[in-house]
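Peer 1: I would like the atomic coordinates for the input below:
(chains A and B)
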Amino acid sequence: MSDDIFLSLNKATKLYGGIPAIDSVNFDLRRGEIHALVGENGAGKSTLTKVMAGVVTLTSGTMTVEGVEVLPKSPLEARHLGVAMVFQENSLVPTMTVAQNLFLGQERFYNRLRGIYIAAQQFLQSLNFDVAPTATVGALGAAKKQMVEIARAVLHKAKVIIFDEPTATLTPEEKKYFFDLVRDLKKRGVSIVFISHAIEEALLLADRITVLRDGRKVVTDDASKFDRARVVQAMVGRDLSHTIYGVRKTTVRKAGARVLTAQNLKMAPMVKNNSLSVFAGQITGVFGLVGSGRTEMFKIVAGVLKRDFFYGGEIFLRDKPVRFRVPAPAVRAGVAYVTEDRKVEGFFETSSIARNIYLGLMSKFPSGRALLSRREATKVGRDWIKKLKIRAIGDEARVVELSGGNQQKVVIAKSLAQEPDLIIFDEPTRGVDVGAIVEIHELINRLADEGKAVVVISSYLPEIMALSDRILVSRQGKVVEEFSALEATEEKIMYAAIH
Amino acid sequence: MREFANRFLGRGDATIAVPSFDGVLKPNQKLEEAEILLECAAPEDLATDGRTIYLADGPRLLRLDGGSATELRVFEEPISALASLPGGELAVALGGREVRIFPEPSAAKPRAIFAAGLSAVNALAPALDGMLIATDGSMTRGVDEWAWDLMEHGRSGRILMLDPATGSSKALADGLGYAFGCCATGDGALVGESWRHRLIEVRRDGSRNIALPHLPVYPSRLSPASPDGYWLTAFAARSLLVEFVLREPAFRKRMMAEIEPRYWIVPRLRSGDSFKEPMQGAHIKTMGVVKPWAPPRSYGLVIRLGANGAPLYSLHSRVDGVNHGVVSAIEINGDLIMIAKGSGRILKLPIAPLDKELGA
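Peer 2: Purely as a prediction, here's the structure:
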């Protein structure tokens, strides 16, 4: 073994119910290198990294750290070996503050809260992360939670840091900070493994790239020897480069009837006097940086959040005023909200796919149901698994066992089972592989073609540009600009989002 | 009790909220790009028989010939509405209190006169059966006192069916929040209700339904579009400031008693002429330049509606423009002729490029 190899896996295999998640994978990680792991959802990236981080143990094969064979059985053991992982689904305690989360597991016998806050403040500032150490994690947005996760890994002085989709929720500015941080860690001799679905990021940042497909390693090579087409080809075994974000819209759908009108909506401090309309038969893209209030705005529409009690503005659904205090009446009125945080808000992860989808349907019944039909649940579940091509061992598979893309499809199916007229997709392809992105985009387009009013909230500009017929740009709690897809450019949109 | 709760919480009728100009109403500056055919002192309404364009300018009836106008006759009162009827007849509303139907524009004697009970007739349109549809904006205020009617929450507008054959008239609907603008439909009329910011469809039997609610503007006149649909003009855009004032009776009462009407907080047909206007400085300007997106005191808008009354596209003159207070638009020979009353201009835009660019 070469001296500069810090960690390696030899014929690593992990079986779930006899089905391999990873199969005889050989992987090595050099000291101070940035190594990108790419592959479709279900390719085995997360399992491979979870093995390194001690979250799951190998069924067969070996793992060595600095030439010594090891078998970490818990994340704590892995951290003692110098391996830390920043999870895609965040593993923070939502009821604790940022500082408490950062120092979780490193507490002393006597902890002075003020000291922890000061240390956390200094540390976060050194990383250029704009997060208040006294803020409760549950109240933070997805991007800030991710920042805390990253900060925690850096704080633990790990020799290997594994990032699972680290940039999915970050704004372009935050991404730049993150890239600088990763390069800085590299200079300090820390090895980085990062999983990303943004291939450009892998090509830009990584020294080496490993591509996995169906649990097997396809190729490992220097990043300089890859281009986007080669990565995609290796990932999916077919060329998709022209079907995802590459093609610019030349026509847009005409607006149908006005389905949603929001007038001077307010929810301090996130939504400020926001007004917009959404039309049937069109995809309305909503772009904005994290903190621009776009998610909160549509959560108010869907009854997930409440507008201000006094002078909170008005919402009209099909020209009738509505005020949803909880999501169920919104669902009955034909509004579906597909959450950006599927792990927390999207499903019950230990329940089966069919049951999750059926639960979505339940909210259509005005006063609930005393008895749930297992047969009906199975039928509904099977139908949607087939319709959305959800890849699972069976329809009784638990959602937690699915890959990110398939979990997202379950969340979408749960909403579509409600037969909504207005469907709000919040970051629909976050943490989803290229193959699933294409399928989800096809589905969103199909819904608009069927005459549904579709809203796509995304902080990823190519996605907004590829999907939207009209693009609303949100800044500081309100829509500040509207573009037709034909006139929009990335520069124009970004300018409106920032200035 | 509910009203008190709504006022306290800012809900229901007490919500101070204005729809946004988005979707097909997304702002552009098309009205500012229009060709100026003519400038006149008090243009009010347009009518056409398909060949000739008639223009009401104060008490004068003009014939528009390209960029020039020929005076056909002068009435004793300002013309408040015009309509060209089949057979070359012309209907003229004078001062809002009288409607005369002339066999031809220069005829000395009218064929029919309607005067009883009229107060503020502001639009006329031929019905499909030879009748004449008229909108009477308010029973309590004259045609020039629309700002008073708005501040008093006027709800006395009517739609009238005038029968030139018998000289009789019948109210199809009343209790409207300033009826302004009408156009015949299959079984009745499409009518603008300015203070409620909507279009309603009123049938012959008196039943009505809302055709286009929640407009961000105060609609004015309607005219037929080719091959189907309508042109709807709007004389002003709504603003949060006016909506707020409309919910403050004590303020309105004092304002109306003590302030000169042209400086009231009400929608205007033109603005920016005086430093005494209610919105100044950073409300409307940045670095000394008027912001197009500033809260509008005056605005110009024409909306192309489909056959079902749904908007297809729109032509704007934003806050930094001058072609504000659009009160009439008619289509003739592939062109759209409009009156921007605020600037006293007659404007022309070719329709085919608009259809192509904005997608009718």
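Peer 1: May I have the predicted confidence score for the nearest residue to B:Pro19 once chain neighbours are set aside?
Peer 2: Nearest in space to B:Pro19, with sequence neighbours left out and distances taken as C-beta to C-beta, 6 or more residues apart in numbering or on different chains, is B:Pro216 at 4.4 Å. (Glycine included, C-beta is placed from N, CA and C.) Listed pLDDT for B:Pro216 reads 95.
Peer 1: Over to A:Ala142?
Peer 2: 66.
Peer 1: OK, contacts around A:Leu359?
Peer 2: Shown in contact with A:Leu359 (C-beta atoms under 8 Å, 6 or more residues apart in numbering or on different chains): A:348, A:351, A:414.
Peer 1: Swap in 10 Å and give it another go.
Peer 2: Contacts of A:Leu359 were listed using C-beta atoms under 10 Å, 6 or more residues apart in numbering or on different chains, and they are A:347-348, A:351, A:372, A:377, A:414, A:417.
Peer 1: Just the buried ones from those residues, in ChimeraX syntax?
Peer 2: Those of the contacts of A:Leu359 that count as buried under 16 or more other C-beta atoms under 10 Å in any protein chain shown are selected in ChimeraX with:
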select /A:347,351,377,414,417
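Peer 1: which two in the contacts of A:Leu359 are spaced the farthest apart?
Peer 2: The largest separation in those, counting by C-beta to C-beta, is between A:Phe347 and A:Leu372 at 16.3 Å.
Peer 1: Kindly reformat the contacts of A:Leu359 as TSV and extend each row with secondary structure.
Peer 2: Formatted as TSV, these follow (DSSP: H, G, I helix; E, B strand; the rest coil):
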residue	secondary structure
A:Phe347	coil
A:Phe348	coil
A:Ser351	coil
A:Leu372	coil
A:Ala377	helix
A:Lys414	helix
A:Ala417	coil
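Peer 1: Which residues of the stretch 151-300 of chain B lie near chain A?
Peer 2: B:198, B:210, B:212-214, B:216, B:240, B:243, B:293 (C-beta under 10 Å from any C-beta of the partner chain).
Peer 1: Looking at those residues, which are in strands?
Peer 2: Secondary structure from DSSP state E places B:198, B:210, B:212 of these in strands.
Peer 1: which among those residues gets closest to chain A?
Peer 2: B:Ile210 (7.4 Å; C-beta to the nearest C-beta).
Peer 1: and that closest one, what is it in contact with?
Peer 2: B:Ile210 touches A:319, B:193, B:196, B:198-201, B:309, counting by C-beta under 10 Å, 6+ apart.
Peer 1: Could you give the bridge partners of A:Ile283?
Peer 2: A:Val454 (DSSP bridges).
Peer 1: got a list of what it touches?
Peer 2: So A:Ile283 contacts A:252-253, A:423, A:425, A:441, A:444-445, A:447-449, A:452-456, A:464, A:466-471, A:485 (C-beta under 10 Å, 6+ apart).
Peer 1: Report the secondary structure state of A:Thr64.
Peer 2: Going by three-state DSSP: A:Thr64 is strand.
Peer 1: Run a quick neighbour tally on it.
Peer 2: 16 (other C-beta atoms under 10 Å in any protein chain shown).
Peer 1: For the closest residue to chain B within the stretch 351-499 of chain A, what is the enclosing helix or strand?
Peer 2: Residue nearest to chain B within the stretch 351-499 of chain A (C-beta to the nearest C-beta): A:Glu482, separated by 5.3 Å. In this assignment (DSSP states H and E), A:Glu482 forms part of strand A:478-484.
Peer 1: which residue sits closest to the residue in the stretch 201-350 of chain B that chain A sits nearest to, ignoring its sequence neighbours?
Peer 2: Proximity of the stretch 201-350 of chain B to chain A (C-beta to the nearest C-beta) peaks at B:Pro213, 4.9 Å away. Counting by C-beta to C-beta, 6+ apart, the nearest residue to B:Pro213 once its immediate chain neighbours are dropped is B:Arg198, at 4.5 Å.
Peer 1: So what sits opposite that neighbour in the bridge?
Peer 2: Assessed by DSSP bridges, B:Arg198 has beta-bridge partners B:Glu193.
Peer 1: So which bits of the stretch 251-400 of chain A are right by chain B?
Peer 2: Near chain B, when you scan the stretch 251-400 of chain A using C-beta under 10 Å from any C-beta, you find A:252, A:254-258, A:261-266, A:273-279, A:282, A:284, A:308-316, A:319-321, A:323.
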